[in-house]
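1. Starting from these lines, generate the structure:
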Amino acid sequence: MNRTLVKDALVSTQALDAIFLQGWVRTRRDAKAFSFVELNDGSCLKGIQVIVDATLPDYAAVSRASTGASIAVHGKLVPSQGQGQKWEVVADKFEVLGEADATYPLQKKGHTLEFLREIAHLRPRSNLFGAVFRVRSRLAYAVHQFFQEKSFCYVHTPIITASDAEGAGDMFRVTTLDLAQPPKTEDGAIDSTQDFFGKKTFLTVSGQLEAEIFATALSNVYTFGPTFRAENSHTSRHASEFWMIEPEMAFCDLQADMALAEEFVKYLIRDAKQHCAADLEFFSKFVDKDLLARLDFVLERPFQRCSYTEAIEILIASGRSWEHPVAWGDNLQSEHERFLSEEHFKCPVTVYNYPRAIKAFYMRKNDGDAPERQTVAAMDLLVPGIGEIIGGSQREERLEVLREGMALHHLDEKSYWWYLDLRRYGTVPHAGFGLGFERMLMFVTGVANIRDVIPFARTPGTAEF
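-> Purely as a prediction, here's the structure:
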């Protein structure tokens, strides 16, 4: 007999004379004549109640069905006599597949997020993390749906790269050299020509540069994969390994780039509300009571836009005493981003035209700026509760201006010869952005720490599991 998932059993339109379920025991309550077992298989937030009569030949197995044990149940799906559930199962056959002893750490009580991170191999069985990772799965599907519906081509960009897209240098080195006795050049430096790839290579910080190659051939493309930053950041918003969605569009300017970013965020929220309603209700009850109202608010309101210069003026005029003082030419910090979206505009806001000196070499230089206030066509989308969720720009398509930007950031043209070729051979205006998938999940679920929206967090000092 084929197995039925709990989520399908719970929405059945009729009673069934025969049903087969498999899952894990959440709770068990014994009475004189029967036992009540709550079975959950991870397919949805709720479990289903199984009634095991004491007259069953295999009733003795129930005593081994403690919390965490895996079970298989054959029986009938019948209308429930209890409140809060439409259906329950009356067992004909009850089998314990795998026992869980008294040391099973997910007993029926509250657990802190810190404790659950220590048992990341078991935390998906909890209500909270089951809900988080169902939403993660659904949103990953929705990402592809959004771009495929718009005829974007999905490109798999490399994990191992020799180029630094951000020019920041915070990259993980990939090597097969003997670190105890690495080969040396005559001047005593490590000889990278003897490494596996014949040069220094790293884990990628972004698939953007490679996506630009494909955008200049296929027009509209996107990447969706893991990226890595070797920043020693110990915040609730940073991880060393995270997933990025990066569309790249040929024949596109900053205005169209911002419009797509805003449309994309709304699409993902709408999809989560439609397909993950029960899980979002759970988050709004136990994680963030304002979650559903905030998501509706973002869907209903048009996003605001303001230039970086206007943003600085707003922050200065606020009269706030900032932890990080505000001045034109400085990066916006999380406290500034959250003030703009949560208190000033009270909605998502896209800040654009940032100072050239603080942005990456590939961003398009704006024409007509005063020399001391040169800006680039860059944008960051800020959302309440998180801050920056998307960063993007129009790319510099002019060869000589790009070379000037590379010199400004002290980059070796030889390492980017192929990137410069894209400007030599049929260059076009093009633009794109990157959405941190985990930050989007934090926004949609209300979960405040990035470590709790990724299955196995990689942060400084932590690579468990």
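2. Please enumerate the helices of the stretch 1-150 of the chain.
-> For the stretch 1-150 of the chain, the helices defined by DSSP state H, counting those that start in this stretch occupy 6-10, 113-118, 127-149.
3. quick one: contacts for residue 248?
-> 208, 211-212, 214-215, 220-223, 430-432 (CB atoms under 8 Å, 6 or more residues apart in numbering). Placement of C-beta: from N, CA and C, glycine included.
4. whoops, I mixed them up, residue 154
-> 144, 147-148, 221-224.
5. biggest separation within these, which pair?
-> The span of those, defined through CB to CB, is set by 148 and 223 at 13.7 Å.
6. Now do the contacts for the spatially closest residue to residue 23 that is not a sequence neighbour.
-> Nearest residue to residue 23, sequence neighbours excluded (CB to CB, 6 or more residues apart in numbering): residue 41, at 3.4 Å. Residue 41 makes contacts with 5-6, 21-24, as judged by CB under 8 Å, 6+ apart.
7. One more pass at 7 Å, please.
-> 5-6, 22-23 (CB atoms under 7 Å, 6 or more residues apart in numbering).
8. pLDDT added to these, as CSV?
-> Below are the contacts of residue 41 laid out as CSV (pLDDT from 0 to 100):
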residue, pLDDT
5, 98
6, 98
22, 98
23, 98
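9. and which of those is nearest to residue 417?
-> Distances from residue 417 to those, taken by CB to CB, are shortest for residue 5, at 53.1 Å.
10. And that closest one, how far from residue 44?
-> Distance from residue 5 to residue 44, counting by CB to CB, to the nearest Å: 8 Å.
11. the more surrounded of those two?
-> residue 44 (21 against 15; other CB atoms under 10 Å).
12. Which residue lies closest in space to that one, excluding its sequence neighbours?
-> In this structure, residue 44 finds its nearest non-sequential neighbour in residue 7, 3.8 Å apart by CB to CB, 6+ apart.
13. rewinding a little: among the contacts of residue 154, which one lies nearest to residue 94?
-> Using CB to CB, those come closest to residue 94 at residue 144, 40.5 Å.
14. which residues touch stretch 326-340?
-> By CB under 7 Å, 6+ apart, stretch 326-340 touches 309, 311-312, 314-316, 318, 322-324, 349, 355, 357-358, 382, 387-388.
15. That should have said stretch 81-100, apologies.
-> 9-10, 12, 19, 21, 48-52, 56, 58, 61-62, 64-80.
16. How far does that stretch sit from its chain's centre?
-> 35 Å (CA atoms, centre = their mean, to the nearest Å).
17. now do the same end-to-end measure for that stretch.
-> End-to-end span of stretch 81-100 (CA to CA, to the nearest Å): 29 Å.
18. Okay, buried residues for it please.
-> By neighbour count on 16 or more other CB atoms under 10 Å, the buried set for stretch 81-100 is 87-92, 94, 96, 100.
19. From these, pick the one nearest residue 110.
-> If you rank those by distance to residue 110 using CB to CB, residue 100 comes first, at 19.3 Å.
20. What are the phi and psi values at that closest one?
-> phi -130, psi 120 (degrees, to the nearest 10).
21. Quick check: phi and psi on residue 55?
-> Per degrees, to the nearest 10, the backbone of residue 55 is at phi -80, psi -10.
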